[in-house]
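Asks: need the 3D shape of this:
(2 chains)
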Amino acid sequence: MSRTTTEATPVPAAPAAGVVPPGRAGRGGPARRAASPRRATPAMRRLHRTEHRWAAAFVAAPVLGFLVFTLYPLGYALYASLTQWNGLTAPRFIGLDNYTRLLSDPYFRQTLGNTAFYLIGIPIGLVLALLLAIALNRKIPGQTAFRTIYYVPVISSLAAIAIVWQFAYNGDFGLVNQVLAWVGIEGPNWLQNTATVKPAIIILAVWKGLGYSMLLYLAAIQSVPRSLYEAASLDGANGYQRFRSITLPMVRPVTFFLVVTNIIAGSQIFTEINIMTPTGGPEFSSASIVYYIVRQAFRYQQMGYATAMSVVLGLIVFVVTLIQFRLNRRNSFSID
Amino acid sequence: MTTTRTRAAALAIAGALALTACGSGGGGEGGDGDALTFMFRGGADEKAAYQAAIDKFTEDTGVEVEMTVTDADQYATKLQAAVSGNKVPDVFYIEQANLQSYVASGVLMDITDQVEESGVDLDNLWEYGVDSYRFDGTLQGTPEGRLYGLPKDVGPFAFGYNKTMLEANGIPLPDPDVPYTLEEFRQVAQQLTQDTDGDGALDQWGTGLNVQWNLQSLVWSNGADFTNEDRTEVTVDTPEFAEALQYFADLTLVDGVTPSASEAATLDTYQRWMAGEIGFFPVGPWDVSVYNELDFDYDLIPWPAGSTGESATWIGSLGIGVSGTSKNPDAAVQLATYLSTDPTAQQTLVDAEIQVPNLIDMAEEWAGAADAKPANRQEFLDIVQDYGRAMPAAFTYGAQWYDELWVNIQPVLDGQQTAADYLAEVQPKMQALLDESNTNAEMAGGGA
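Replies: Residues are numbered from 1 along each chain as shown, chains lettered A, B, ... in the order given. Here you go, the predicted structure:
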C-alpha cells in the first residue's frame, strides 16, 4: 500500500515540475529525476564544457584536414585551371582559354578515348574474379595456396610489375611471344604496335587486380545463407539456376562496389603506361589522360592547362559515379 | 583511456598544423646550417664518381654537401616539385631546354660575376658547353649572354662501328677523317646484313638506328634543319628534310639493313649492337665504360654525310646551376665551378669513363693517349669543336613543338606514309606549338 503511494507521488507532481521556474527548482524529489543539463551541478557543467571542447577538437581534426588538404587544393585547382601557369612564376589569369583549347586538342580527345578503352578491362576482370572465387570456394586441395598465389600481384609494387611485364611483352625474346611460339603463333611486338599495346596493358591491369576482386567475391559468396541454396535444391533448381538466381544477386553489392571503385581508379591509370611506354606508345596509342596531364604539367610546364584537364577528368568521374549510384538505387532489393 | 585519446587528438591536430606550416612556410631553405644541397641524376657509376669528387671538395673547403640523386627520368619531376615547394637545392643539374623558364622565374642565379672573379679560364672550357647556359634575355646559347650555369659535361654523339665484324667480312675499315656518303654507307650496310648461321633468318645487320636520336645527323648533313636561325619557323617540310627522313626509313623498308622498324623503337638494336650483331651504331661518351667491356673491338668515325658532304651530329649537355635563393651563394657557386672546371674533379669523372673532359687541354691529352679506347677518341673532340650542334629544341622555351615530330612518325618508318607527306602534315602542328612556346617565352621574360 505504502509503496504504491510513494510510487504514485511523482505522478501528480510531474506537471508541477513544469510550472516551477527552472532556476528555482528544488534539489529533491521530482526535479532530480528529470535532471536536464540546465539543472546540472557546477561540477557536471564543467565536465560538459570540457567534453564539448574535446568533441569539437575531435571534429576539428578531420575538418581541418579536409579544409587544408582537400578543399583548399580543390579551390586552387579550379583557379589554376583558369590561368596560364608554368609552376614557377605567378599564375596569369586567362579566363576559360584552357578549356576552349581542350576542345580542339586532338591529343586530349585521343587520350580520353584511350582511357575509356582501358575500362574494358573492368568487366573482364570482374567475370574472371567471380569465376575464380567460385572455383576457390570449393573444397579443393591447395585451396589456400591458390588464394595466396592470386593475391600476390595485388600486394606487389606496380612499378616492379610493369617492368617485368615490359620484358614479358618484348617482341623478340619476351615470355609472352615464346609461349605463343610453342603453339605456332608468331606474336606481335606488343608494346610497339598500335593494335596490341592497349590490350597488352589491359591484360596486365586485369591480372594485377584479379586477386583483390576475387577476395571480396569469396567473402560475399561465403556469407550467402546456406538455407537459400537448400530451399532452391528442394525446388529442383540446378547448379546454373542456383548461381543465376541466388549467388549473383547476393554478391551484387560487392559487384557494385568493385565497379565504382574500379572505374574511379581505372580512369586515372598512369603508372604502368608511364613505365611500359614512356613516350605514350606508338602514335600516342597507349597514352591515358593522366599520362597526358603529367606530360603537359611536368615536361612542358603547362600547369594551368594540365589542371584544366584534371578538372574535366574529375567532373567526368564524378558524373559517371553519380549515374552509377542512381542506377544502383533503382535496381536494388532487399531479402528481409 | 581518456588521456590516451586526448593525447592522440592533440597529436593529430598538432601534426596537421605542423604539416600546414611546412606547406605554406619555407622559402628557399637549403638544408640545415652551412651544408649545401646538391641535386643531380645518374646511375650508380655516376653517383660514385660524384661522391668521390664532392668528398674532395669538402676536404678542401670544409663545406659539407648533402647530395640528392635521382633516376634520369625522374629528375625533371623531382626538381619541379622542389621548386614549387620552395625547396630549391643550392646547386643542381639544369637542362638546356629549361634554362629560360628557370631564369625568368628567378630560380637560377646569374653567376657571371662570381665565375669571373674566381679566376676560372672559361676559354679552356668548350665554347658550346659554356654558351649553352648563357642567355641574353631573348636568345639562349649566344656568347654575349649572362651566365646562368656551367656545363656539367658536353655529350658529343659520335658514330661507331664494330671493327671485329668489318674485318671478319673483309670490308675495308672506314677512314676516321672522311665520312661515308649515304650511298657508300648503304652499300657497306648491305654487305654486312647476313644470315651467318644459315638458319634462314637474318642475324647480322648493317645498322639499327633510333629515329629520335639519329635523324638529326642525316637532316643536317643533307642541308636541312628543324627551324630557321631565329627559332621562329619550323622548317621540317623542305625536300632536303624529307629526303633525309625517307633515306632513314628506307634503310629498313627498301634496303633491309636494319632489324625491323618496330624493333628500332625498343632497346633491341642497342642490345644487338652489344651482342655483336650490328655493324654501325652511335656511341656517346656515357657509353664508353660499357662498350669497352664488350667482346669485340670498336672505333669512332664521322657520321655518314648527305648532300653537303659534311658530317653533322648533335651534342647534348647538362648544366650545373645555382639557386637564386641559396643562403650560401658564394659556396654554391664555388661548388658548381669546382664540379665543372676543377682539374682534379674532372680527372675523377673522366677516370670513371662517364664523360669527355670539360677542360680543353685535359681533353686533348686524353684523346691523344696511347692506350685510348676507342682509339679514335679524337672524334668526340672534333664533334664538340667542329661539327656538332645543339639539339633542335635545346634553346627554345620548352620542347613540345619538337616532340610533336616523333609522336606520329611510326607510319613513315613502317612504309605506310611517305616522309614528304608526313612532314607536310606535321609542320603546321609543330609551327603552332613553336609559336606558342615563343609567346610563352616573351611573357615569361616580360613578367620577370
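
Asks: what residues of stretch A:302-314 count as buried?
Replies: A:Gln302, A:Met303, A:Gly304, A:Tyr305, A:Ala306, A:Thr307, A:Ala308, A:Met309, A:Ser310, A:Val311, A:Val312, A:Leu313 (16 or more other C-beta atoms under 10 Å in any protein chain shown). Every C-beta, even on glycine, is put in place using the N, C-alpha and C of the backbone.

Asks: quick one: buried residues of stretch B:347-363?
Replies: So stretch B:347-363, judged by 16+ other C-beta under 10 Å, has buried residues B:348-350, B:352-360, B:362-363.

Asks: next, count neighbours for the residue in chain A that chain B sits nearest to.
Replies: Among the residues of chain A, A:Leu88 lies closest to chain B, at 3.4 Å counting by C-beta to the nearest C-beta. For A:Leu88, the number of neighbouring residues by other C-beta atoms under 10 Å in any protein chain shown comes to 20.

Asks: so it sits against B:Ser105, correct?
Replies: Yes. At 3.4 Å, A:Leu88 counts as touching B:Ser105 under the criterion of C-beta atoms under 8 Å.

Asks: intersection of neighbour lists for the two?
Replies: Taking C-beta atoms under 8 Å, 6 or more residues apart in numbering or on different chains as the criterion, A:Leu88 and B:Ser105 both touch B:Val83.

Asks: please confirm that the residue of chain A closest to chain B is located within a strand.
Replies: No. The assignment for A:Leu88, made by DSSP: H, G, I helix; E, B strand; the rest coil, is coil rather than a strand.

Asks: please report the distance of it from B:Thr396.
Replies: Applying C-beta to C-beta, to the nearest Å, one obtains 17 Å for the distance of A:Leu88 from B:Thr396.

Asks: quick one: check stretch A:290-308 for contact with chain B.
Replies: Yes. Using C-beta under 8 Å from any C-beta of the partner chain, we find that stretch A:290-308 touches chain B at A:Phe298, A:Arg299, A:Tyr300, A:Gln301.

Asks: from those residues, pick the one nearest B:Glu436.
Replies: The shortest gap between B:Glu436 and any of these belongs to A:Tyr300, at 9.8 Å (C-beta to C-beta).

Asks: so how far is B:Gln100 from B:Glu442?
Replies: Taking C-beta to C-beta as the measure, B:Glu442 falls 11 Å from B:Gln100.

Asks: between these two, who's got more neighbours?
Replies: Between B:Glu442 and B:Gln100, counting by other C-beta under 10 Å, B:Gln100 is the more crowded of the two (25 against 12).

Asks: any idea how far the more buried one lies from B:Asn292?
Replies: Going from B:Gln100 to B:Asn292 by C-beta to C-beta gives 37 Å.

Asks: for the stretch 201-336 of chain A, just list every one of the helices.
Replies: Listed in chain order, the helices found in the stretch 201-336 of chain A under DSSP state H, counting those that start in this stretch are A:226-234, A:239-242, A:248-250, A:252-266, A:271-276, A:289-294, A:303-331.

Asks: sorry, back to before: which among the buried residues of stretch A:302-314 gets closest to A:Gln268?
Replies: Proximity of the buried residues of stretch A:302-314 to A:Gln268, judged by C-beta to C-beta, is greatest for A:Leu313, which lies at 7.7 Å.

Asks: residues in contact with the closest one?
Replies: Shown in contact with A:Leu313 (C-beta under 8 Å, 6+ apart): A:Ser267, A:Gln268, A:Ile289, A:Val290, A:Ile293.

Asks: neighbour-wise, which one of those leads?
Replies: With neighbours defined as other C-beta under 10 Å, the most crowded of the contacts of A:Leu313 is A:Ile289; it has 27 neighbours.

Asks: A:Ala116 is in contact with that one, correct?
Replies: No. Contact status for A:Ile289 versus A:Ala116: not in contact, 9.2 Å apart, counting by C-beta under 8 Å.

Asks: any residues of the stretch 51-200 of chain B in contact with chain A? List them.
Replies: B:Asp73, B:Ala76, B:Thr77, B:Gln80, B:Val83, B:Ser84, B:Asn98, B:Ser101, B:Tyr102, B:Ala104, B:Ser105, B:Val107.

Asks: if you set the cut-off to 6 Å instead, what comes out?
Replies: Applying C-beta under 6 Å from any C-beta of the partner chain, we find that the stretch 51-200 of chain B lies next to chain A at B:Thr77, B:Gln80, B:Ser84, B:Ser101, B:Ser105.

Asks: may I ask which helix or strand encompasses B:Phe92?
Replies: Assigned by DSSP states H and E, B:Phe92 belongs to strand B:91-95.

Asks: show the subsequent helix or strand relative to that strand.
Replies: With DSSP H and E, the next secondary element past strand B:91-95 is helix B:99-104.

Asks: elements contacting the following helix or strand past that next one?
Replies: Where DSSP H and E defines the elements, the next helix or strand beyond helix B:99-104 is helix B:112-117. Where contact means 3 or more C-beta pairs under 6 Å, 6 or more residues apart in numbering or on different chains; DSSP states H and E, helix B:112-117 is packed against strand B:146-147.

Asks: how far is the strand it packs on from where the chain is centred?
Replies: The chain centroid and the centroid of strand B:146-147 are separated by 21 Å under C-alpha atoms, centre = their mean, to the nearest Å.

Asks: give the other helices and strands that that strand contacts.
Replies: Partner elements for strand B:146-147 (3+ C-beta pairs under 6 Å, 6+ apart): helix B:112-117.

Asks: can you show me the CA trace of the helix it packs on as PDB?
Replies: As requested, the backbone C-alpha atoms of helix B:112-117 are provided in PDB (Å, rounded to 0.1, in the frame of the first residue of the first chain):
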ATOM      1  CA  THR B 112      78.600  35.700 -64.400                       C
ATOM      2  CA  ASP B 113      80.500  37.900 -61.900                       C
ATOM      3  CA  GLN B 114      81.300  35.300 -59.400                       C
ATOM      4  CA  VAL B 115      82.700  32.900 -62.000                       C
ATOM      5  CA  GLU B 116      84.800  35.700 -63.500                       C
ATOM      6  CA  GLU B 117      86.200  36.700 -60.000                       C
END
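
Asks: which ones are touching B:Gly388?
Replies: B:Pro156, B:Thr313, B:Ile315 (C-beta atoms under 6 Å, 6 or more residues apart in numbering or on different chains).

Asks: same thing but at 7 Å, please
Replies: B:Tyr128, B:Pro156, B:Thr313, B:Trp314, B:Ile315 (C-beta atoms under 7 Å, 6 or more residues apart in numbering or on different chains).

Asks: now, which of these sits nearest chain A?
Replies: With C-beta to the nearest C-beta as the yardstick, the closest approach to chain A among these comes from B:Trp314, at 18.5 Å.

Asks: quick check: angle from the helix or strand hosting the closest one to strand B:91-95?
Replies: Using DSSP H and E, B:Trp314 falls within strand B:313-322. Between the direction of strand B:313-322 and that of strand B:91-95, the angle (axes from the mean of the first three to the mean of the last three C-alpha atoms, to 10 degrees) works out to 150 degrees.

Asks: who does strand B:313-322 pair up with?
Replies: Sheet pairing of strand B:313-322 (DSSP bridges) gives strand B:91-95 (antiparallel), strand B:150-156 (antiparallel), strand B:388-390 (parallel).
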